[in-house]
Structures are given as structure tokens and as C-alpha cells.
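J.: model the following, please.
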Amino acid sequence: MIIGATGNFGSAAVLLACALGAERVVAAGRNTQALEGIARVAGNRVYPVTLTGNLDSDVAALKSAAGGGAHFAFDMVGRAQSAEATLAGLKSLRRWGRLVLMGSMAVPLSLSYAEVMWNNLEIIGHFMYPANVFLKLQALIRSGLLDLKVMPVQCFALADLPAAMDAAEKATGLSCTVVKTP
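T.: Numbering: from 1, shown residues only. Model prediction:
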């Protein structure tokens, strides 16, 4: 389960989960159109779930899409102003499930100690990624398991750096902004 699947990192995580062989990938976010676009390019193993902000209904939708609950949830929500999406991901885990936090949140994340303990849940905070991960990504790309052609790329010259930064800030989903030097 990818929470925040409509952002740049979250949508890439959906593609990566598919490339790594996940049988079912729940792509969760607030933008229905973006979720449908990601599911269209990622394939039939992706189940989009539009989050509403209502914890109970979001948990029910996520559990349903995950076939009864997820084994793993990856939270990539950036600059979250509410903890609801993260909590929905946590509460959608099966017993012995794992939640990895790699996004960011501007508010506290209140957890039920007893709920985490009784369900043997694991919560991991992870800042960025190991330095050698690009080698693994290259291998997935070379093998054809990870197809970057599905990502629309906007190219800018170095002289147009301010425009590139504006484009990158507005980018969503699988879009990518590249600055090329001469």
C-alpha cells in the first residue's frame, strides 16, 4: 500500500512496487484522476483508492482494496497537514504489518500504543534511501521490469533554471523535471 501515491515520490513507489513483483499494490491519495492515471500506466495489479479524510471510511476502502488488509504500507505523503492518511494506512495493516514513514508531516502523529502492540505492528521511520540503491534501480530498468518511458519528462536548459524550479514545484504524479547542461 502506497499512501501519497499521487505525488512524485509516491507514484514512483507504485511503479517500483510493481517492478519488484508485488501481487497487489494499493495506490492511495486524494486525487482520483491522478490515481487512475497511475493505475493505467502501472497495470492491473494496482488498485487505486481515493482518500476522503474520513478515517473510518478510508480504512474500510483501503482494507477492501488490499484484500482484507495490507502487509506493508509505505507513507510518502509530503508536508501533510493532517495525520488522517497515515493513520488510515496504519489501521489498514494486517496483524504483523509494517508501516514505513518516508514522507513528512507538519502535525503530530498520535498512535494507539495498545493497537500497535496488540497487532504486532512495526513502524519504521526512514529518511531517504541507501547510497547504493541507484544500482538496484538501474538493474530493474535494464531488465525491463521498471519502465521509465511512462514518465512524462519536461527538459529545461540550465539558463532556464527558475522556470525548471517552478515546473518541478507544480509537478505531480509521474511527471519529471530535468535540467540539462550544454
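J.: can you tell me what sits against the longest strand along the chain?
T.: As assigned by DSSP state E, the longest strand anywhere in the chain is strand 93-101. Applying C-beta atoms under 8 Å, 6 or more residues apart in numbering, the external contacts of strand 93-101 come out as 68-75, 86, 89-90, 119-126. (Each C-beta comes from the backbone N, C-alpha and C, glycine too.)
J.: got the domain boundaries for this protein?
T.: Listed domain ranges for the chain are 2-125, 152-182 (source: automatic domain parsing).
J.: buried set for the shortest one?
T.: Of the residues in domain 152-182, those scored as buried under the neighbour-count criterion (16 or more other C-beta atoms under 10 Å) are 156, 164, 167-168, 173-174, 176-177, 179.
J.: between those, which sits nearest Val59?
T.: Using C-beta to C-beta, Gly173 is the member of those that lies nearest Val59, at 24.4 Å.
J.: quick check: that closest one touching Ala12?
T.: No - look at Gly173 against Ala12 with C-beta atoms under 8 Å: they stay out of range, at 9.4 Å.
J.: tell me the one of the buried residues of domain 152-182 nearest Ala17?
T.: Ala17 lies nearest to Leu174 out of the buried residues of domain 152-182, by C-beta to C-beta, at 13.7 Å.
J.: any idea how far that closest one lies from Ile38?
T.: Separation of Leu174 from Ile38 (C-beta to C-beta, to the nearest Å): 7 Å.
J.: perfect, that will be all.
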